[in-house]
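> got a predicted structure here, sequence first:
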Amino acid sequence: MIENVLAQKNCSAKIKITVKSIISVGLVALAVLLPQLVHLALGQAGGMRWLPMYLPVLLGGCLLGTWWGIGIGVASPLFSFLITSAWQSPMPAAARLPFMMAELAVFAAVSGLFSRRIAHNGWMAFPAVLLAQVAGRLTFLLLAAIFQGIAPFTPAVIWVQIQEGLLGMVLQAVLVPFIVMGLRFLLQKDRQE
């Protein structure tokens with residue numbers, strides 16, 4: 001979506017990269033900060049229920065497209081892990097990190113596939129988010145099944161976690177598209193003036 005706006009403004013490649021980089025850094029920072037705030041307010045269970053890191057990643061895919069979204073999806077849990085490890089309380093846990101990076105990369109890739117469609121029709125953010133959520137969670141479940149012999153969790157454990165996070169997924173399935181549509185409206189309004 002952002003790519004379309006920048007193209008319509010005839011921005012140079014350097015400006016496009018700069019704008020997308022700034023948005024990406026902001027979304028990764030939000031993906032690191034939001035879980036900390038949720039855990040602070042609601043404890044460890046709050047993170048599993050509300051899945052706060054997923055929201056900025058879904059936004060990144062919808063706004064920036066597949067490749068920039070994948071970067072956000074991979075960087076978010078990695079930077080969160082690196083920063084929180086300094087306090088001896090890594091989030092996500094080291095054993096979960098590669099699985100979460102893969103899951104969030106899928107979230108961003110799938111939602112990113114809809115980015116151009118969202119630029120033309122904001123309502124496309126709804127299927128983008130829903131399909132991304134299903135694909136991402138299935139990826140995590142599949143990886144847990146493949147690596148259950150060496151990973152500290154099984155598909156059954158991940159299935160329980162998916163069920164625990166259902167409320168957060170539903171909230172994000174509504175919230176993210178409305179945020180995207182609101183930003184789309186503001187960007188189009190800016191273009192018309």
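Received it, and whenever you're ready, just let me know what you need. What you see is a predicted model; the values in this text were computed from it and never measured. Residues are numbered from 1 along each chain as shown.
> just checking, what packs against the helix or strand Ile15 falls within?
Following DSSP states H and E, one finds Ile15 within helix 13-50. Where contact means 3 or more C-beta pairs under 8 Å, 6 or more residues apart in numbering; DSSP states H and E, helix 13-50 is packed against helix 2-8, helix 54-64, helix 66-85, helix 155-164, helix 166-192. For the C-beta atoms, the positions are set from N, CA and C on the backbone; glycine is no exception.
> what are the buried residues along that helix?
Within helix 13-50, the residues that count as buried by 16 or more other C-beta atoms under 10 Å are 16, 19-20, 23-24, 27-28, 30-32, 34-36, 38-39, 46-50.
> other residues contacting stretch 132-148?
54, 58, 61, 99-100, 102-104, 106-111, 151, 153-155, 157-159, 162, 169, 172-173 (C-beta atoms under 8 Å, 6 or more residues apart in numbering).
> distance of the residue nearest the centre of the chain relative to Leu37?
The centre of the chain sits closest to Val57, judged by C-alpha atoms, centre = their mean, with a distance of 1.6 Å. Going from Val57 to Leu37 by C-beta to C-beta, to the nearest Å gives 16 Å.
> cool, Ala156 as well?
Counting by C-beta to C-beta, the gap from Ala156 to Leu37 is 30 Å.
> likewise Ala94?
Taken as C-beta to C-beta, the span from Ala94 to Leu37 is 22 Å.
> before we move on, what about Val174?
20 Å.
> Leu183 too?
22 Å.
> and Gln121, its phi and psi?
Slight slip there: residue 121 is Asn, not Gln. phi -150, psi 100 (degrees, to the nearest 10).
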